[in-house]
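1. Sequence first, predicted coordinates after that:
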Amino acid sequence: MSNPTPYEQELLAKASKYLPGGNGGNTNFPNDLKFLARKGLGSHIWDVSGNEYIDWLMGSGPMVLGHAHHTVTEAVLEAVSHGSTFFTTNEKAVLLAEELCSAVPCAEQVRFTTSGTDACFQCMRAARTFTNREKILKFEGGFHGTSDYAMMSVTPSTAEEYPQAVSSTLGIPESIQDLMLIAPFNDLDTTTAIINAHHDEIAAVIIEPIQRIIAPRPGFLQGLRDLTSKNGILLIFDEMVTGFRLAYGGAQEFYGVTPDLCSVGKIMGGGYPLAATMGRRDIMSVFDQSSTANDSYVNQIGTLNGDPIGCAAGLATLNELKKAGTYEKLHETGRQLRLGLIEICNTNEIDIQSCGEDAIFDIVFTNQEIKNYRDGLSGNAILMERFNAGLLQNGVLKGWPQKFYPSLAHTEDDVVKTLDAFKTIIPSLKQ
Ligand SMILES: Cc1ncc(COP(=O)(O)O)c(C=O)c1O
C-alpha cells in the first residue's frame with residue numbers, strides 16, 4: 001500500500017525530523033511501506049492518505065472489541081465530561097477493581113498503573129518486598145516491558161549458559177544482570193535445576209503464560225506452580241497479552257493455573273493507558289502504608305494511576321466481553337484465519353510451525369518444533385519479513401515481526417481477504 005499523498009509525505013518527513021528514528025518506538029515499517037495512521041473503525045484502519053487496511057495488529061492487543069467501539073466511546077465521552085483525573089481514588093477505579101477481582105482467579109486486590117512496564121515492575125518489587133529476597137527468574141525471550149530488570153535476555157543474540165542474564169538494551173547498570181536468572185521456556189527440568197540451586201535467593205518467577213507466540217506445553221505452568229510453591233517463591237503471570245483474551249479470566253482461567261500475582265493491561269484498559277498489578281491480598285498489602293510495617297511498604301505513586309477515563313473504558317470493554325458467546329467468537333475467528341494460513345502453506349509446500357492459541361498466534365517459517373526462544377531462532381527471518389511486507393502491500397496489517405490479534409470486530413470477509421492477500425504473495429515468498 002502506502003503511496004503517500006504529498007501531505008502524508010510531508011508528515012513523514014516531520015516524523016523523521018522530530019521523532020528519533022522517525023517513529024514512536026513501536027512498529028517500524030520499511031521505508032517504502034511507511035504510513036501514518038489517522039483513524040480506526042471496527043477491524044479496519046486508515047492512513048493519512050486514505051488507504052484502508054484490515055487490521056490484525058489492533059493496537060498490539062487492546063482493541064479486542066474493534067476500534068472506536070461505540071459503547072467504549074460513549075463511556076469515555078461521559079467520563080471526560082466529568083473531569084479527566086483527580087489524584088484521589090475515584091468511583092470508576094473502585095468499580096473496575098471489583099470487576100477485575102471477580103474475573104481474574106488470583107486477584108484479591110488491585111493496584112493500577114499506566115503501563116504494562118510499570119505493572120510488571122511493581123509485581124517484581126512487591127515480590128521482593130514480600131519474600132525479602134532479591135532475585136527474579138524470567139524466561140529467555142520473555143517480554144515484560146522495558147524496565148531494567150525486564151530487559152534481560154529478551155532478544156539475546158548469543159546462547160549464554162543458563163541462568164546467566166544478558167542485557168537486551170544499552171543503558172542498564174551491569175549489576176542488574178546478577179539479579180536476574182534466565183531459564184528456557186517450556187523446560188521444567190532446567191528451570192527446576194536453577195531453582196534448586198538458588199531457591200533461597202529467588203523472590204519470584206515471572207512468565208508470559210504464552211511467551212510471545214509460544215504456547216506452554218501441557219503441564220509446564222502447573223509444574224512451575226508446584227515448584228514455586230514448594231520453594232516459597234512467588235509466581236507472577238504477565239497477562240498483558242493473554243488477560244481477557246484467552247478467556248475472561250485470562251490464561252489463569254484458560255490453563256487452570258493460578259499464580260500469586262499478575263500484571264494485566266491492554267484489553268482491560270479498553271485502549272487507554274491503564275494497567276494493573278494484582279494478586280493475593282497478603283502480598284498486595286505491601287502497597288498499603290497503613291496496614292504494613294514501615295520496613296515492608298512499597299511506595300507506588302503515579303499521577304494518572306487508575307484515572308477515571310481509562311477505568312471507564314475498561315469497564316465498558318469488560319461489560320461487552322462478559323456477554324454470552326464472546327470468547328467462542330474470538331477463538332473461532334482466530335481459528336479460521338490460522339487454519340487458512342496453514343492450508344495455504346501446506347498446499348504450496350512451505351515449511352511452517354503454527355504457534356500460540358487461536359486468540360493470539362502467528363506462523364513461523366521453519367519445520368522445527370518451537371518450544372522456546374532458541375527454537376524460534378530457526379524461523380526464516382527473511383520469509384517473515386516478506387510475509388509481513390507482502391500482506392501490508394496488499395492492505396493487511398499484522399504484528400510486526402509477529403502476532404495476529406483477532407478481535408470481535410473481524411468478519412469472515414476480513415479472514416477471506418487476508419487469506420486471498422496471502423495467496424497473492426506466495427510467489428514473492430518463494431523467490
Ligand atoms: C507480555 C507483555 N508484558 C509487558 C508489556 C509492556 O506493556 P506496555 O507496553 O504497556 O508497557 C507488553 C507490551 O506489549 C507485553 O506484551
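-> Nice, I can see it.
2. Need the per-residue pLDDT for Pro30.
-> According to the prediction, Pro30 has pLDDT 89.
3. Would you tell me which residues of the stretch 101-250 of the chain are close to the ligand?
-> Contact residues, the stretch 101-250 of the chain versus the ligand (C-beta under 6 Å from any ligand atom): 115-117, 120, 143-145, 208, 238, 240-241. Just so you know, the C-beta spots here come from the backbone N, C-alpha and C atoms, and that holds for glycine as well.
4. Let's see that with 5 Å instead.
-> Proximity of the stretch 101-250 of the chain to the ligand, by C-beta under 5 Å from any ligand atom, involves residues 115-117, 144-145, 208, 238, 240-241.
5. what two of the residues you listed are the furthest from one another?
-> Taking C-beta to C-beta as the measure, those span a maximum distance of 15.8 Å, between Ser115 and Glu208.
6. Please identify which of the two sits among more neighbours.
-> For Ser115 versus Glu208, the count of surrounding residues by other C-beta atoms under 10 Å is larger for Glu208: 25 against 19.
7. list the contacts for the closest residue to the ligand within the chain?
-> With C-beta to the nearest ligand atom as the measure, Gly116 is the residue of the chain nearest to the ligand, at 2.1 Å. Contact analysis of Gly116 by C-beta atoms under 8 Å, 6 or more residues apart in numbering lists 144-145, 238, 240, 263, 265-266, 275.
8. rerun at 7 Å
-> For Gly116, the contact set (C-beta atoms under 7 Å, 6 or more residues apart in numbering) comprises 145, 240, 263, 265, 275.
9. From these, pick the one nearest Val257.
-> Ser263 (15.8 Å).
10. Run through the strands of the stretch 1-150 of the chain in chain order.
-> With DSSP state E, counting those that start in this stretch as the criterion, the stretch 1-150 of the chain has strands at 37-41, 44-47, 52-55, 109-113, 135-139.
11. Can you pull up the most central residue in this structure?
-> Centroid-nearest residue in the chain: Val241, 3.2 Å away (criterion: C-alpha atoms, centre = their mean).
12. Please determine how far that residue is located from Leu100.
-> According to C-beta to C-beta, to the nearest Å, Val241 stands 16 Å off from Leu100.
13. ok, longest helix in this protein?
-> Taking DSSP state H as the criterion, the chain has its longest helix at helix 326-347.
14. What separation do you get for the residue nearest to the centre of the chain and Ser428?
-> In terms of C-beta to C-beta, Val241 sits 30 Å off from Ser428.
15. leaving aside the residues next to it on the chain, what's closest to Ala204?
-> Ala127 (3.6 Å; C-beta to C-beta, 6 or more residues apart in numbering).
16. the helices in this protein, which residues?
-> 6-18, 70-80, 91-103, 116-131, 188-198, 220-230, 250-255, 281-284, 308-321, 326-347, 373-376, 381-393, 412-429.
17. just checking, what packs against the second one?
-> Right, the one you point to is helix 70-80. Secondary-structure packing of helix 70-80 (3 or more C-beta pairs under 7 Å, 6 or more residues apart in numbering; DSSP states H and E): helix 308-321.
18. does the ligand sit close to the helix it packs on?
-> No. Using C-beta under 5 Å from any ligand atom, helix 308-321 stays clear of the ligand, coming no nearer than 11.7 Å.
19. Any chance you could list what contacts that helix?
-> Applying C-beta under 7 Å, 6+ apart, the set of residues contacting helix 308-321 is 65, 71-72, 75-76, 78-80, 84-85, 90, 92-93, 95-96, 99, 244, 248, 267-274.
20. try stretch 45-62
-> Contact with stretch 45-62 is made by 1, 3-5, 7-8, 11, 27, 35-40, 43-44, 67, 241, 245, 266-267, 269-271, 395-399, 404-405, 407, 414, 417-418, as judged by C-beta under 7 Å, 6+ apart.
21. picking up where we left off before, which of the residues of the stretch 101-250 of the chain next to the ligand sits closest to Gly306?
-> Checking these against Gly306 with C-beta to C-beta, the nearest one is Ser115 at 12.8 Å.
22. Return the residues in contact with the closest one.
-> Taking C-beta under 7 Å, 6+ apart, we find Ser115 in contact with 145, 265, 273, 275.
23. Please name the nearest non-neighbouring residue to the third one.
-> Counting by C-beta to C-beta, 6+ apart, Pro273 lies nearest to Thr114, which is 4.5 Å off, once chain neighbours are set aside.
24. Equivalent analysis for the second one, please.
-> Leaving aside its chain neighbours, Gly265 sits nearest to Ala275 (3.0 Å; criterion: C-beta to C-beta, 6+ apart).
25. Next up, the contacts around the one you found.
-> 113-116, 118-119, 263-265, 269.
26. Pull out the buried members of those.
-> Neighbour-count burial (16 or more other C-beta atoms under 10 Å) applied to those gives 113-116, 118-119, 263-265, 269.
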